[in-house]
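Asks: Structure, please.
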Amino acid sequence: MEKVICINNRCSKAYPKNLERCPYCGTINIRYNSQTNEKQEKTKDNRFVRIVLSCVFALVVLVLLSIMITLFGWNESVGVKGLICGISIGAGTWFESWLKKKNFSFGKKRKPQVNKYKPPRRPNYAWIIAIVLGIALVSIISIILSTTVHYSKQFEQAKQENTVDAYLDFIDKHPRSSYADEARDSVANICRRCYDIMDIPILRANLDKKTKEQLLSVRQEKIDEAYKDALNANTIEGWEHYKALVYPRDYRDADTRIEWINDACRTKEAARQNEENQRKKQQMAEEENALWETEESAWETAYERHNIKSYKKYLKLFPYGEHADAAERFLIDLEVDRVFASDHGELPSMDKSYSMGTSYSVLELENRTDYDLTISFSGPDSKRVVIPPYKTIELKIENGSYRIAASVGHGVRPFAGQEDLYGCRYSSYFYIVTYRM
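Replies: Okay, the predicted model is just below:
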């Protein structure tokens with residue numbers, strides 16, 4: 001036997017099709033056949049559709065009111081937000097009532113039931129759920145919109161100040177906002193343009209990790225740029241300026257390069273100084289050679305300088321010159337003075353043989369050493385004699401007081417003394433005595 005299902009939601013039981021009413025609740029049922037699953041006529045309940053449309057309408061009202069508040073710059077306090085939500089919910093409720101009054105429907109209208117029996121209505125919680133969800137949705141959207149507008153205003157204020165502190169304060173307050181990355185980029189650009197390396201605020205308190213990494217990257221860029229400039233200049237001033245810009249841990253090889261530059265400068269200065277000295281020496285040599293080109297200029301130079309070296313040079317250049325005898329006398333006098341001024345032994349007096357009564361004296365000098373003996377007489381008639389080993393010579397010299405110096409060289413200490421000659425014959429012999437210490 002074919003059966004039908006009761007259209008009463010509270011009953012919904014199957015009963016034979018040939019029955020006019022449901023034997024359980026008395027409602028005429030014309031929905032579906034439980035055996036064949038055939039579609040029958042039915043009425044459409046449009047309440048859920050009306051609720052959805054009213055929620056959409058309330059959302060549109062909320063969006064419009066939020067845009068209006070944003071455009072006019074009204075105060076966005078909690079009271080204003082609650083008022084907006086209330087107006088939106090009221091507008092949605094009114095719209096649902098208006099749709100119900102107009103008997104809004106997408107399908108066929110409900111046909112009146114044949115029977116006069118009206119079963120008790122089942123409570124419909126869809127309305128309550130829809131209202132709660134609508135309020136929640138509207139609140140969430142309102143909070144999101146208001147927060148976005150709040151972030152936007154604070155970020156615009158930071159942009160107007162356009163300082164690192166303003167941007168960092170915004171990042172500290174809203175590190176996860178949509179404007180945080182733009183604020184970080186602005187901080188990096190300002191530090192890149194206007195800040196020195198050590199002024200970049202990487203040590204600021206409450207600095208988030210992402211901002212700190214970006215500032216460290218900017219700092220490293222500026223360090224690399226400063227290093228490149230110092231490397232291109234490659235001067236002590238450039239490297240000192242680089243060291244003044246960075247921390248000691250970022251000096252890299254600045255000290256080494258400064259030392260290299262100093263070494264190069266010292267080498268260059270030494271080469272320049274050596275070249276200058278050579279030039280001066282060459283110039284002095286040319287001037288010196290010019291002084292000794294002629295005999296007169298050479299004698300003037302030697303006489304003016306009055307030293308052993310000058311007189312020796314004059315005698316070497318002009319051994320038979322007009323002033324050779326004078327140069328020889330001056331040379332002997334200076335050499336005797338040098339012996340007297342140095343460490344020397346005391347020369348004993350000569351042995352006097354007899355008086356000749358002449359204006360000159362005769363000296364008999366004997367060398368009893370293994371070396372050539374040089375004896376110099378400085379006085380009225382300055383003379384020098386060289387006596388070979390184990391030889392004796394006679395020297396005729398004018399009377400007068402003489403300073404006498406005798407030397408053989410070879411590490412032997414010279415001897416010096418003073419002798420007065422008065423027209424007599426004198427004799428003296430020289431020998432070397434060795435003492436063991």
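
Asks: quick one: pLDDT of residue 31?
Replies: The predicted local distance difference test score for residue 31 is 48.

Asks: Repeat that for residue 103.
Replies: What the model reports for residue 103 is a pLDDT of 65.

Asks: distance of residue 412 from residue 431?
Replies: Using Cβ to Cβ, to the nearest Å, one gets 11 Å for the distance from residue 412 to residue 431. Where you see a C-beta, it was placed from the backbone N, CA and C, and this is true even at glycine.

Asks: Under a three-state scheme, what state does residue 257 occupy?
Replies: Local secondary structure at residue 257 is given as helix here, using DSSP: H, G, I helix; E, B strand; the rest coil.

Asks: which residue packs closest to it, ignoring adjacent ones?
Replies: The spatially closest residue to residue 257, leaving aside those adjacent along the chain, is residue 239, at 5.7 Å (Cβ to Cβ, 6 or more residues apart in numbering).

Asks: And for that neighbour, the neighbour number?
Replies: Around residue 239 there are 25 other residues, counting by other Cβ atoms under 10 Å.

Asks: tell me which element it falls in.
Replies: Secondary structure from DSSP states H and E places residue 239 in helix 236-245.

Asks: Can you spell out the domain ranges of the chain, please?
Replies: Following automatic domain parsing, one gets these domains for the chain: 47-153, 162-249, 295-322, 344-430.

Asks: hey, where'd the helices end up in this structure?
Replies: Read by DSSP state H, the chain holds these helices, from start to end of the chain: 47-72, 78-101, 126-161, 164-173, 180-194, 209-233, 236-245, 254-291, 295-305, 308-317, 324-341.

Asks: Please work out the average pLDDT along the first one.
Replies: Same thing as helix 47-72. Averaging pLDDT along helix 47-72 yields 76.

Asks: repeat for the last one
Replies: This predicted structure assigns helix 324-341 an average pLDDT of 90.

Asks: Let me know the pLDDT of residue 191.
Replies: Residue-level confidence at residue 191 comes out at 81, pLDDT.

Asks: Might one say that it is in contact with residue 216?
Replies: No - Residue 191 is not in contact with residue 216 according to Cβ atoms under 8 Å; the separation is 10.7 Å.

Asks: Test of understanding: give the bridge partners of residue 373.
Replies: Note on residue 373: beta-bridge partners residue 387, judged by DSSP bridges.

Asks: contacting residues for it?
Replies: Applying Cβ atoms under 8 Å, 6 or more residues apart in numbering, we find residue 373 in contact with 365, 367, 386-387, 389, 406-408, 430.

Asks: any low-confidence regions in the stretch 51-200 of the chain?
Replies: Along the stretch 51-200 of the chain, the model assigns pLDDT under 70 to residues 70-82, 102-132, 134-136, 138-139, 141-147, 149.

Asks: then stretch 223-240 to CSV, C-alphas only?
Replies: Taking C-alpha atoms only, stretch 223-240 is exported to CSV below (Å, rounded to 0.1, in the frame of the first residue of the first chain):
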residue,chain,number,x,y,z
ILE,A,223,79.7,51.2,6.6
ASP,A,224,80.4,49.6,3.2
GLU,A,225,79.9,53.0,1.5
ALA,A,226,82.2,54.8,3.9
TYR,A,227,84.9,52.0,3.5
LYS,A,228,84.6,52.3,-0.3
ASP,A,229,85.1,56.1,-0.1
ALA,A,230,88.1,55.7,2.1
LEU,A,231,89.5,53.0,-0.2
ASN,A,232,89.1,55.2,-3.2
ALA,A,233,90.8,58.2,-1.5
ASN,A,234,93.4,55.9,0.1
THR,A,235,94.8,58.7,2.3
ILE,A,236,95.6,58.9,6.0
GLU,A,237,92.9,61.6,6.3
GLY,A,238,90.3,59.4,4.5
TRP,A,239,91.0,56.4,6.7
GLU,A,240,91.0,58.5,9.9
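
Asks: Buried residues, it. List them.
Replies: 223, 226-227, 230, 238-239 (16 or more other Cβ atoms under 10 Å).

Asks: Show me the contact partners of it.
Replies: Contacts of stretch 223-240 from elsewhere in the structure, counted by Cβ under 8 Å, 6+ apart, are 197, 241-242, 245-246, 250, 252, 254, 257-258, 261-262, 265.

Asks: Mind giving me the PyMOL select for those, buried ones only?
Replies: When burial is assessed using 16+ other Cβ under 10 Å, the buried subset of the contacts of stretch 223-240 is captured in PyMOL by this command:
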select buried, resi 197+242+245+246+250+252+254+257+258+261
